[in-house]
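A.B. asks: please work out how this folds:
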Amino acid sequence: MMSNAAERHKTGPLAGIKVIEMAGLGPVPLAGLILCELGADVVRVERKGSRGSFLSLPPEADVDRLGRAIVKVDLKSAEGIGFMLDLCRNADVLMEGFRPGVMERLGLGPQDCQAVNAGLVYGRMTGFGQEGPLADSAGHDLTYLALSGVLSAIGPKDGKPIPPLNLIGDYGGGTMFLIAGILSALIERSHSGQGQVVDAAMIDGASKLASLFFAMGANCLWNEQRGTNLLDSGAPFYDTYETSDGKYVAVACLEPQFFAEFADLLPLDENLAKQQYDQSIWPEMRVAIARRIGEKPRDEWSKLFEQTDACVAPVLSLSEAPNHPHNRARDTFTGEKQPRPAPAPRFSRTPANSAPGVPLDKPQLASVLSRFGIGPSSTRALLENGTIEFEK
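C.D. replies: Here you go, the predicted model:
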């Protein structure tokens, strides 16, 4: 009988889709987690002898490895490459995040893998793409944001550009565009029967996310000086303010009707309240809002503004967010001892899966490999001759 963990892969909108994830950092592992939660069988391939994720996290919190079948492979041996090609024969997707040419040198480039499976969707995740002057260069999220123009717009008026964590380049411009590309290629394959290569570059994705701001700038509707525009803290009614207890609230009442409610509840002087978009009074308005919000603690303001359209919210810490009443009501986070974001988005008929917090055991791993066409006898032989290892 199939275990509960193995049965989990039979549900979700991507049930039946088989994915090979070449181990790496950042955007590819998050894509692996999301596809796994959406029901795909994901085999994460790590180099034999590696210590797994570089993050020092317990298994139930290591989002780089959660829910996958983890197989360590000797990629320097002909047997290891043969095993990988056998996986590819029955896979739908392969994802890798190495520099251009690395997979080709292993003998696992797109031509090698699609030679054994013409329908394979081959997802490639890099910072700069597969070609161009910087294709072979090292970089990180901040590098790609800097060259996309996006970083220049993030930060205070009189300060330097500020790294917005690695959310925009790695995960927004990387993970989500990789997933969009893979799913698009799978849909196209249903018509053509052919796989293809998806070239997802973080510099491309980060630039695309900023489409509105490029359009506004080209039409003289965006000032390139940071902190002077409507959405970059330039407007006093779209910013954060410190409360009396040293915490913060976020004020985001852009529309006149929302600003009117905010001004009434704060309250804000009537002369200021009636001139929301008069930029000449924005400095005075900002001082007035800051002074008033600084009179009370964060949670008192939160209680005053909740259930209103004033668009004011407490700035919660990462540890506070899972306990917010709305997040609890929607089960936005899963896990009591180590809360983490639950699968998203949500589906009416084929709900996503919350990936287990521990590595799959040997029978479960063997069950997943069998769905990639690697039978029990082949698996035993590969384990015995040292070509592959399972997570200990």
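A.B. asks: select the longest helix from the protein.
C.D. replies: The residue-count maximum for a helix in the chain (DSSP state H) belongs to helix 176-192.
A.B. asks: neighbouring strands of the very next helix or strand once past that helix in the sheet, and parallel or not?
C.D. replies: Once helix 176-192 ends, the next helix or strand along the chain (criterion: DSSP states H and E) is strand 197-201. Sheet pairing here is set by DSSP bridges, and for strand 197-201 it gives strand 121-126 (parallel).
A.B. asks: CA atoms of the strand it pairs with as CSV?
C.D. replies: This file holds the C-alpha atoms of strand 121-126, laid out as CSV (Å, rounded to 0.1, in the frame of the first residue of the first chain):
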residue,chain,number,x,y,z
VAL,A,121,10.5,21.2,-20.8
TYR,A,122,14.0,22.4,-19.8
GLY,A,123,13.9,25.3,-17.4
ARG,A,124,17.1,27.4,-17.1
MET,A,125,17.4,29.9,-14.3
THR,A,126,20.3,32.4,-14.3
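A.B. asks: how about residues contacting the longest helix of the chain?
C.D. replies: The contact list for helix 176-192 (Cβ atoms under 8 Å, 6 or more residues apart in numbering) reads 17, 27-28, 31, 34-35, 92-93, 95, 119, 121, 123, 125, 195-196, 198-200, 204-205, 208. Using the backbone N, CA and C atoms, a C-beta is placed for each residue, glycine as well.
A.B. asks: ChimeraX command for the buried members of the residues you listed?
C.D. replies: Command for ChimeraX, covering only those of the contacts of helix 176-192 found buried under the criterion 16 or more other Cβ atoms under 10 Å:
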select :17,27,28,31,34,35,92,93,95,119,121,123,125,195,196,198,199,200,204,205
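A.B. asks: which positions within the longest helix of the chain qualify as buried?
C.D. replies: Under 16+ other Cβ under 10 Å, the buried positions of helix 176-192 are 176-179, 181-183, 185-186, 189.
A.B. asks: P267: which of these is nearest?
C.D. replies: M176 (41.0 Å; Cβ to Cβ).
A.B. asks: K303 sits in which helix or strand?
C.D. replies: helix 298-305.
A.B. asks: helices and strands around that helix, which ones?
C.D. replies: strand 248-252, helix 256-265, strand 312-314 (3 or more Cβ pairs under 8 Å, 6 or more residues apart in numbering; DSSP states H and E).
A.B. asks: okay if I get the ones you listed as JSON lines plus mean pLDDT, mean neighbour count and distance to G375?
C.D. replies: As requested, the helices and strands packed on helix 298-305 are exported to JSON lines (pLDDT from 0 to 100; neighbours: other Cβ atoms under 10 Å; distance: least, Cβ to Cβ, whole Å):
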{"stretch": "strand 248-252", "mean pLDDT": "98", "mean neighbour count": "19", "distance to G375": "55"}
{"stretch": "helix 256-265", "mean pLDDT": "98", "mean neighbour count": "17", "distance to G375": "61"}
{"stretch": "strand 312-314", "mean pLDDT": "98", "mean neighbour count": "20", "distance to G375": "54"}
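A.B. asks: quick revisit: which one of the buried residues of helix 176-192 sits closest to M103?
C.D. replies: Using Cβ to Cβ, the buried residues of helix 176-192 come closest to M103 at L178, 15.1 Å.
A.B. asks: helix or strand for the nearest residue to D86 once chain neighbours are set aside, which one?
C.D. replies: Excluding the flanking residues, the one nearest D86 by Cβ to Cβ, 6 or more residues apart in numbering is I374, at 6.1 Å. Using DSSP H and E, I374 sits within no helix or strand.
A.B. asks: quick one: contacts for I374?
C.D. replies: Residues in contact with I374 (Cβ under 8 Å, 6+ apart) are 83, 86-87, 382.
A.B. asks: picking up where we left off before, of the helices and strands packed on helix 298-305, which approaches V287 most closely?
C.D. replies: Using Cβ to Cβ, the nearest of those to V287 is strand 248-252, at 13.8 Å.
A.B. asks: direction included, what does the closest one pair against?
C.D. replies: strand 238-242 (antiparallel), strand 312-314 (antiparallel).
A.B. asks: and these as CSV, adding distance to E389?
C.D. replies: Formatted as CSV, those follow (distance: least, Cβ to Cβ, whole Å):
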stretch, distance to E389
strand 238-242, 49
strand 312-314, 47
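A.B. asks: for stretch 161-172, which positions count as buried?
C.D. replies: 161, 163-164, 166, 168-172.
A.B. asks: what's the most distant pair in the residues you listed?
C.D. replies: So, the buried residues of stretch 161-172 by Cβ to Cβ: farthest apart are P161 and Y171, at 18.7 Å.
A.B. asks: for stretch 109-116, give the mean pLDDT please.
C.D. replies: The average pLDDT for stretch 109-116 rounds to 98.
A.B. asks: for it, buried residues please.
C.D. replies: 109-110, 112-114.
A.B. asks: inside helices: which ones of the residues you listed?
C.D. replies: Those of the buried residues of stretch 109-116 lying in helices (DSSP H): 110, 112-114.
A.B. asks: from these, which is closest to L365?
C.D. replies: Taking these together and measuring to L365 by Cβ to Cβ, the closest member is C113, at 21.7 Å.
A.B. asks: what sits closest to that closest one if chain neighbours are left out?
C.D. replies: Spatial nearest neighbour of C113, chain neighbours left out: C88 (4.4 Å); criterion: Cβ to Cβ, 6+ apart.
A.B. asks: wasn't the one you found part of a helix?
C.D. replies: Yes: C88: assigned to a helix according to DSSP: H, G, I helix; E, B strand; the rest coil.
A.B. asks: oh, and call the first residue 652 from now on, that's how I've got it
C.D. replies: In the new numbering, first residue 652, that becomes C739.
A.B. asks: if I look at the residue positioned nearest the centre of the chain, how far off is P680?
C.D. replies: The residue lying closest to the centre of the chain (Cα atoms, centre = their mean) is Y822, at 3.7 Å. Per Cβ to Cβ, to the nearest Å, Y822 is found 10 Å from P680.
A.B. asks: and if you look at G667?
C.D. replies: Taking Cβ to Cβ, one finds G667 at 22 Å from P680.
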